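In: sequence first, then the predicted structure:
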Amino acid sequence: MTHRTPPFTRTRRLLPTVALAAALALLAGCTTSGVSASATAAPAVRDVGVQLFQWTWPAIARECTDRLGPAGYGWVLTSPPQEHVLGSQWWTSYQPVSYRLESRLGTREQLAAMVTACHAAGVRVYTDAVVNHMTGQDAPGVGWAGSSYSHYDYPGLYSDAAGDFHHCGLTPGDDIVSYQDATQVRTCQLSNLADLATEKPQVRQKIAAYLADLVSLGVDGFRIDAAKHMAPEDIAAFTASLPAGTGVVQEVIRGSGEPITPEQYLANGKVLEFSWGRDVKGMLAGSIGPVLALGTGSRYAPSDKAVVFVDNHDTERNRSTLSYRDGATYQLADVLMLAGTYGTPLVHSGYAFDDRDAGPRQDARGAVLDAACGAAPGPGAALQPGDWVCQHAWPAVAGMVGWRAVVGSAAVVDTWSEGDAVALGRGGLGFVVVNNGDSPVATSIPTHLPAGTYCDVLAGGAPVSGGRCTGSSATVKGGEIVVQVPPRSAQAWDVSARRG
Ligand code: ARE
Ligand code: CA
């Protein structure tokens, strides 16, 4: 993603550290991607995104101002904004009825206001673009904004009469049966969802107009849903006229032995890299040592083309990755992702559920109720189905986002691993220890951090003025940091929270 850099509101914590990190990076001869060490300097890296799954536009606007901007998040990914089928399930969002920007998550005006608020907080906005298909039910219906439709007929937009849909004729019911057959994957239906003929100019033009409409409201980028089910050249065609710098993140789920791979899509932009989340789940259940090397090899897209994540709304339901249900272990996965240099990180933030299909809390009309985080979000919080998990607000996750803004693009200069624990240092600016074991880690570890006493930034960091650390502290002396890390937890230190 090449991003525009809107102005942003700096926090007390980020303001001095940003200039300091930039200055240190310059001293160390690092590139700071156009950032200068002047008083107006922006963080060298503000690349962490958060998927606010099924959050309404007004709730996202508030979260941008109150938390995402101040914590250092760089972008937010929203759920699909277009008119959709009726029903209480979350996945109604993924069945477009029209491209009107009216959904149970909010109106067009609310969407525009959200973008304005997020930009003022320094947070870019990506929306989920569902453009491979329309609806999946056989019966006709009326969409959220009142548009009448039937399967393969969406008045004023697409119709069978105009030849806008695929009927692949390769499988019973024209549904995808085998992911080993690329023609099926691209021209048959994903679970009965009316498959758009994205190779046709008139279809491409309508998709391009929809994306342009969102860009006209200030949207900065898109997640291209079900990208695997469209040829790369189709995506190239409908994204070609977007303004330079518009982000494109394609959902091409890596599947072993499948002929369609994420690599085939890299010319269009980034891809969501599913390997990292799958691999980290295995390593946190077994041997953690190799986790620091994750991101290389044939199952990984190149770092600058990869959006990396621990889980998303599909994988937290199909259990192919860790999820909030895994509590402290899941939190360590987020910490590891945010500590490392592989990919552009995307934190998932959804709601608790027992039933895979259960939608977010709604009013009598079906409009989603504004999300709110509990008083003490964290891996140990007791949650009822429908409660917002607010992973992005967990102290360790938000703390790592601030840490990442401080270390910027600095390289990994320290790595350490012993038993169930690993440590990593970036550029003498920040250091992290992750203890995935059942016993505390109490030891000294070589570090490039300058000598001094540091507050753990995952436990509140340094107090605003003087006094003791909010959480624990650790001392660096003679090139080693003395750490005391409890079981199943992480601590992180950076030059913004150094004392004395
Ligand atoms: C719902 C009902 C269906 C019904 C259909 C139509 O559940 O029973 O037939 O509606 O009426 C989401 C939900 C679906 C839902 C759909 C539409 O998950 O349950 O269907 O919305 O409302 C493949 C795709 C990948 C896709 C996953 C889910 O390649 O693109 O399947 N992910 C995205 C989104 C989903 C969304 C859609 C696409 C559709 O993230 O949330 O679906 O817009 C292997 C392959 C993968 C394959 C995977 C699962 O791993 O490698 O490519 O993923 O199997 O089949
Ligand atoms: Ca298709």
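Out: That came through fine. Ligands and ions are numbered 1, 2, ... in the order given.

In: quick one: contacts for the residue of the stretch 1-150 of the chain found nearest ligand 2?
Out: Closest approach of the stretch 1-150 of the chain to ligand 2 (C-beta to the ion) occurs at N132, with a separation of 4.8 Å. Yep, even glycine has a C-beta here, placed from its N, CA and C like the rest. Contact analysis of N132 by C-beta atoms under 8 Å, 6 or more residues apart in numbering lists 190, 193, 195-196, 198, 225-227, 229-230.

In: looking at those, which are in strands?
Out: Within those, no residue falls in strands by DSSP state E.

In: please list which of these are also close to ligand 2.
Out: 195, 229 (C-beta under 5 Å from the ion).

In: for PyMOL, what selects the buried ones among the contacts of N132?
Out: A single PyMOL command selects the buried members of the contacts of N132 (16 or more other C-beta atoms under 10 Å):
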select buried, resi 190+193+195+196+198+225+226+227+229+230
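
In: can you lay out the contacts of N132 as JSON lines showing distance to ligand 1?
Out: Listed next are these as JSON lines, based on distance: C-beta to the nearest ligand atom, whole Å:
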{"residue": "L190", "distance to ligand 1": "6"}
{"residue": "L193", "distance to ligand 1": "5"}
{"residue": "D195", "distance to ligand 1": "11"}
{"residue": "L196", "distance to ligand 1": "12"}
{"residue": "T198", "distance to ligand 1": "14"}
{"residue": "D225", "distance to ligand 1": "5"}
{"residue": "A226", "distance to ligand 1": "4"}
{"residue": "A227", "distance to ligand 1": "7"}
{"residue": "H229", "distance to ligand 1": "6"}
{"residue": "M230", "distance to ligand 1": "10"}
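
In: wait, W91 sits on A358?
Out: No: counting by C-beta atoms under 8 Å, W91 stays clear of A358, with 10.4 Å between them.

In: up against ligand 2, what does the protein have?
Out: Near ligand 2, when you scan the chain using C-beta under 5 Å from the ion, you find 132, 195, 229.

In: which non-adjacent residue is nearest the last one?
Out: Spelled out, it's H229. N132 (4.6 Å; C-beta to C-beta, 6 or more residues apart in numbering).

In: retrieve the pLDDT associated with the one you found.
Out: Listed pLDDT for N132 reads 99.

In: ok, T198 next?
Out: As predicted, T198 sits at a pLDDT of 99.

In: so it sits against D234, correct?
Out: Yes: between T198 and D234 there is a contact under C-beta under 8 Å: 3.9 Å.

In: anything in contact with each of these two?
Out: Listed contacts common to T198 and D234 are R204; contacts here mean C-beta under 8 Å, 6+ apart.

In: quick one: buried residues of the longest helix seen in the chain?
Out: Longest helix in the chain by number of residues (criterion: DSSP state H): helix 201-216. By neighbour count on 16+ other C-beta under 10 Å, the buried set for helix 201-216 is 203-204, 206-208, 210-211, 213-215.

In: who does it touch, helix- and strand-wise?
Out: Judged by 3 or more C-beta pairs under 8 Å, 6 or more residues apart in numbering; DSSP states H and E, helix 201-216 is in contact with strand 124-129, helix 232-239.

In: which pLDDT value belongs to P463?
Out: At P463, pLDDT is 80.

In: so it touches T470, yeah?
Out: Yes: the criterion here is C-beta under 8 Å, and P463 meets it with T470 at 5.9 Å.

In: ok, the residue nearest the centre of the chain - contacts?
Out: Nearest residue to the geometric centre of the chain (C-alpha atoms, centre = their mean): L346, 2.4 Å. Applying C-beta under 8 Å, 6+ apart to L346 gives the contacts 48-51, 77, 272, 307-309, 312.

In: how near is it to N312?
Out: 8 Å (C-beta to C-beta, to the nearest Å).

In: joint contacts of these two?
Out: Taking C-beta under 8 Å, 6+ apart as the contact rule, L346 and N312 both touch 51, 272.

In: list phi and psi for T315.
Out: phi -70, psi -20 (degrees, to the nearest 10).

In: kindly apply the preceding question to V401 instead.
Out: Dihedral angles of V401 (phi, psi; degrees, to the nearest 10) stand at phi -70, psi -40.

In: how many neighbours does it have?
Out: V401: 23 surrounding residues under other C-beta atoms under 10 Å.

In: surely it meets Y73?
Out: Yes: applying C-beta under 8 Å, one finds V401 in contact with Y73, separated by 5.9 Å.

In: what touches both of the two?
Out: The contact sets of V401 and Y73 overlap at 48, 347, 392 (C-beta under 8 Å, 6+ apart).

In: kindly reformat the residues you listed as CSV containing pLDDT.
Out: Shown next, in CSV, are the shared contacts of V401 and Y73 (pLDDT from 0 to 100):
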residue, pLDDT
V48, 98
V347, 98
H392, 98
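
In: out of the residues you listed, list just those in strands.
Out: The strands, defined by DSSP E, take in V347 from those.

In: how about the shared contacts of V401 and Y73 in JSON lines, adding neighbour count?
Out: Output for these, formatted as JSON lines (neighbours: other C-beta atoms under 10 Å):
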{"residue": "V48", "neighbour count": "25"}
{"residue": "V347", "neighbour count": "26"}
{"residue": "H392", "neighbour count": "25"}
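
In: got any ranges where the stretch 201-350 of the chain has weak pLDDT?
Out: Within the stretch 201-350 of the chain, no range satisfies pLDDT under 70.

In: wait, what's in contact with the closest residue to A328 other than its chain neighbours?
Out: Excluding the flanking residues, the one nearest A328 by C-beta to C-beta, 6+ apart is R488, at 4.4 Å. R488 makes contact with 328-329, 332, 435-438 under the criterion C-beta under 8 Å, 6+ apart.

In: PyMOL command for the buried members of those residues?
Out: One line in PyMOL is enough to select the buried ones among the contacts of R488; burial here means 16+ other C-beta under 10 Å:
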select buried, resi 329+332+435+436
